[in-house]
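In: Pasting the sequence and the predicted model now:
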Amino acid sequence: MTLKILAVVSEIYPLVKTGGLADVAGALPGALVAEDVAVTTLVPGYPAVMAALKKPEVVHSFAGLFGHDARLLKAQAKGLDLLVLDAPHLYNRPGNPYVDANGKDWIDNPLRFAALSRVAAELGQGLVPKLTPDVIHAHDWQTGLVAAYLRYSDRQAVPTVMTVHNMAFQGQYGRDLLPALGLPARAYAIDGVEYYGTIGFLKAGLQLSDRVTTVSPTYAAEIRTPEGGMGMDGLLRSRGAAVSGILNGIDTGVWNPATDPMIAAPYDVAHVSARAANKKALQQKLGLDVDPNALVFGVVSRLSWQKGLDLLLERLPSLVAGGGQLALLGSGEPGLANGFAGATVVHGGKVGMVNGYDEALAHLIQAGSDVILVPSRFEPCGLTQLCALRYGALPLVARVGGLADTVIDANEVALAAGVGTGLQFSPVSGDALEGALLRTFDLWRDRPSWKKLQKNAMKTDVSWTRPAAAYARLYRDLASGRAG
Ligand code: ADP
Ligand code: GLC
């Protein structure tokens with residue numbers, strides 16, 4: 001029987017995206033069709049979402065939802081089955097879904113995402129009977145209160161799974177907000193929404209959902225430790241086997257070098273030499289010396305402490321001295337952006353950078369780089385190394401989280417067995433990164449080995465097929481009461 005899932009999320013590709021969360025929310029539903037799982041996704045009615053809706057149908061009207069009237073719309077957009085919370089007082093703001101034009105969090109974020117969570121919970125309790133799901137799947141802190149609204153209302157409800165994509169974002173707010181959130185006083189307890197004297201949205205979700213997943217097995221283990229748990233490790237340990245890791249995939253339709261309209265020349269695993277035209281186009285685009293023999297390192301990333309790019313900036317002289325080039329696309333912290341902008345001047349023709357968000361350039365970097373660098377300090381899963389595998393750019397990654405789970409280090413044993421797909425380094429330090437850069441130059445000098453690694457990388461299954469099967473098993477266990 002087809003299982004009905006209500007996914008709840010604050011961003012979804014291709015409508016609104018700030019990071020990998022949107023990619024996951026956008027691609028997983030399509031992959032679940034093969035598992036006989038039908039996903040409808042509840043999202044906020046941001047302007048970009050409202051503009052994309054095809055024939056929206058009003059399925060519920062709220063009289064006064066956190067201050068004003070609101071509507072629940074059912075519609076399709078870009079192939080996605082959506083429920084959209086049309087609440088202009090909360091979501092009718094252009095641009096980034098979380099911050100204003102000055103980059104500051106919207107002051108009413110707790111209410112904006114509590115509203116989304118409350119509507120999800122009500123849908124789980126039969127708000128619109130024909131849309132009642134079998135399981136609710138909530139993503140990240142913005143939807144952490146779904147499980148709280150269900151727990152503290154005394155009505156029958158459906159089971160919940162919460163996926164945490166990044167422990168660094170927790171949604172912590174003052175306890176005085178409790179009445180405004182519509183939660184009873186008893187919710188403010190250690191086994192409820194209370195978190196170190198505040199209300200913790202993510203904490204609530206991790207505590208109260210029937211199951212918790214994160215986006216790789218290694219990150220699932222890391223967050224149980226004080227170093228990786230960012231305050232939640234004790235809670236996660238106490239939840240025992242209710243916490244697990246399911247690796248992300250990527251949309252292999254969007255990320256397909258054989259059909260990609262955003263790259264200079266299409267190619268596949270049987271025609272890897274055609275990558276040369278993409279490398280040339282990338283070098284031209286980023287102002288790098290056009291040289292087929294220069295080893296081009298690519299980066300597509302948010303510029304933040306998490307991503308470890310300060311280490312790369314520090315070791316750029318070694319990268320350039322070894323004959324390498326850097327093609328970087330990123331947006332985020334001004335300090336890092338300025339640092340790399342400065343490096344383009346110091347290392348003219350060897351370091352190129354675009355500060356901003358540019359989907360087409362992200363694809364060209366994947367197709368034209370020889371290596372994709374991901375030196376993250378922590379990485380729940382990471383998607384850019386998966387794209388790199390598919391595009392035959394060898395991922396050079398820190399051995400943490402999902403990076404450890406998705407790249408086979410080309411060490412001596414792997415080379416002898418012919419199974420490597422990239423390079424890993426550990427610990428996450430400048431010295432270890434530099435060591436890995438030197439190892440990469442060594443490998444590059446041995447072109448036959450390099451080509452073998454490239455082919456291994458491109459043949460890796462990075463699709464959603466296996467992860468979707470794992471989610472489907474989890475949903476069915478929950479729906480049948482086998483997991484709790
Ligand atoms: P995170 O979600 O932590 O930022 P992921 O690797 O999971 O990291 O996902 C990042 C996603 O965002 C990938 O799809 C990547 O291609 C994309 N991305 C990141 N920065 C940029 C950028 N500046 N321009 C275009 N795409 C970007
Ligand atoms: C987060 C993580 C990233 C992960 C993405 C999607 O943004 O930082 O590692 O790939 O979510 O799950």
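Out: All right, it came through fine. Model, not experiment: these values are computed from the prediction. Numbering: from 1, shown residues only. Ligands and ions are numbered 1, 2, ... in the order given.

In: Val128 is in contact with Val59, isn't it?
Out: Yes - look at Val128 against Val59 with C-beta atoms under 8 Å: they come within range, at 5.0 Å. For every residue, glycine as well, the C-beta is placed using N, CA and C.

In: Tell me, how many residues neighbour whichever residue of the chain sits closest to ligand 1?
Out: Nearest to ligand 1 in the chain, going by C-beta to the nearest ligand atom, is Gly20, at a distance of 2.3 Å. Using other C-beta atoms under 10 Å, Gly20 is surrounded by 24 other residues.

In: got a pLDDT number for it?
Out: pLDDT, Gly20: 97.

In: same check, this time on Asp154
Out: Residue-level pLDDT assigned to Asp154 equals 78.

In: how far away is it from Pro184?
Out: Distance of Asp154 to Pro184, given as C-beta to C-beta, to the nearest Å: 10 Å.

In: Touching the helix or strand harbouring Leu313 from outside, list them.
Out: Using DSSP states H and E, Leu313 maps to helix 309-321. If you take C-beta atoms under 8 Å, 6 or more residues apart in numbering as the criterion, helix 309-321 is touched by 297, 299, 301, 303, 326, 330, 336, 339-340, 343, 347, 350-351, 373, 375, 428-430, 433-434, 437-438.

In: got the angle for the helix or strand containing Asp431 vs helix 309-321?
Out: In this assignment (DSSP H and E), Asp431 forms part of helix 430-445. With axes from the mean of the first three to the mean of the last three C-alpha atoms, to 10 degrees defining the directions, helix 430-445 sits at 40 degrees from helix 309-321.

In: and helix 430-445, average pLDDT?
Out: Mean predicted confidence for helix 430-445 is 98.

In: What residues of that helix count as buried?
Out: Within helix 430-445, the residues scored as buried using 16 or more other C-beta atoms under 10 Å are 430, 432-434, 436-437, 439-440, 443-444.

In: what's it packed up against?
Out: strand 295-303, helix 309-321, strand 394-398, strand 423-425, helix 447-459 (3 or more C-beta pairs under 8 Å, 6 or more residues apart in numbering; DSSP states H and E).

In: how far out from the middle of the chain is it?
Out: 27 Å (C-alpha atoms, centre = their mean, to the nearest Å).

In: same deal with stretch 241-251?
Out: 12 Å.

In: hmm, that stretch in reach of ligand 1?
Out: No - Stretch 241-251 stays out of contact with ligand 1 when judged by C-beta under 6 Å from any ligand atom, the minimum separation being 7.2 Å.

In: Can I get that stretch in PDB? Just the C-alpha atoms.
Out: C-alpha atoms of stretch 241-251 as PDB (Å, rounded to 0.1, in the frame of the first residue of the first chain):
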ATOM      1  CA  ALA A 241      19.000   3.000  18.800                       C
ATOM      2  CA  ALA A 242      16.300   5.600  18.000                       C
ATOM      3  CA  VAL A 243      19.100   7.700  16.400                       C
ATOM      4  CA  SER A 244      20.700   6.500  13.100                       C
ATOM      5  CA  GLY A 245      22.500   7.800  10.000                       C
ATOM      6  CA  ILE A 246      21.200   7.600   6.400                       C
ATOM      7  CA  LEU A 247      23.600   9.000   3.800                       C
ATOM      8  CA  ASN A 248      22.400  11.600   1.400                       C
ATOM      9  CA  GLY A 249      22.300  11.200  -2.400                       C
ATOM     10  CA  ILE A 250      22.200  13.700  -5.100                       C
ATOM     11  CA  ASP A 251      19.700  14.300  -7.900                       C
END
